[in-house]
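J.: Give me coordinates for this.
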Amino acid sequence: MEEIFNFIKDFILETVNGYISESADETTPMNEIEESNIVFGAVDLSRYSAKVVCAVIPESQEDDESEIGAYKIGSDFTVSFLCKGYPQDVLVRQMCRYGEAFRRAVLDDVSLGQRVERADIGRRDFFTDAGAVERQMTAVETGLSVVTEDDIEI
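T.: Residues are numbered from 1 along each chain as shown. Down below sits the predicted model:
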């Protein structure tokens with residue numbers, strides 16, 4: 001799972017950030033994700049000063065023997081973009097745009113830059129009031145299923 005997390009992190013840095021930049025306008029600034037703000041697992045936002053943090057949370061993994069000695073591994077993640085530091089109306093627009101930027105990037109490159117066999121976008125959940133204090137933070141959680149191959153010596 002950690003290796004796949006690294007594939008996802010690199011994809012966000014190299015590809016998704018471009019889609020994020022394209023979605024900014026005069027009413028909605030969009031901050032690219034910095035490497036130090038992409039977290040493997042749950043995130044404690046009190047430790048981050050960034051206006052956007054991305055948490056990649058492993059959910060499940062399943063093996064499927066496709067042929068003798070070759071296995072496909074299906075791994076499920078939740079990829080969350082957590083936004084803070086702007087007025088509520090801006091945070092809601094940002095949440096929607098981060099979700100769409102990630103979705104569009106994966107749909108345009110289902111191999112995540114030729115790092116995996118296939119990636120599929122799942123359900124997106126939006127949280128307009130995700131902070132400890134009312135109207136302080138928004139979040140979008142996106143389901144991501146990743147298929148990789150694992151050759152086993154026989």
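J.: What residues of the worst-scoring helix or strand of the chain on mean pLDDT count as buried?
T.: Least confident helix or strand, the chain: strand 52-67 with a mean of 89, by mean pLDDT, DSSP states H and E. Within strand 52-67, the residues that qualify as buried are 52, 53, 54, 55, 56, 57, counting by 16 or more other Cβ atoms under 10 Å. (Glycine included, C-beta is placed from N, CA and C.)
J.: same question, stretch 40-51
T.: Buried positions in stretch 40-51, judged by neighbour count with 16+ other Cβ under 10 Å: 40, 43, 45, 50, 51.
J.: On the pLDDT front, check the residue nearest to the spatial centre of the chain for me.
T.: When Cα atoms, centre = their mean is applied to the chain, the residue found nearest the centroid is residue 79 (3.4 Å). Looking at residue 79, its pLDDT reads 98.
J.: hang on, it packs against residue 11?
T.: No - using Cβ atoms under 8 Å, residue 79 is not in contact with residue 11; the gap is 10.1 Å.
J.: looking at this, the residue nearest to the centre of the chain is in a strand?
T.: Yes - with DSSP: H, G, I helix; E, B strand; the rest coil as the criterion, residue 79 is assigned to a strand.
J.: Let me see the ranges of the strands in the chain.
T.: Along the chain, counting by DSSP state E, strands occupy 38-40, 52-67, 70-84, 118-127, 137-151.
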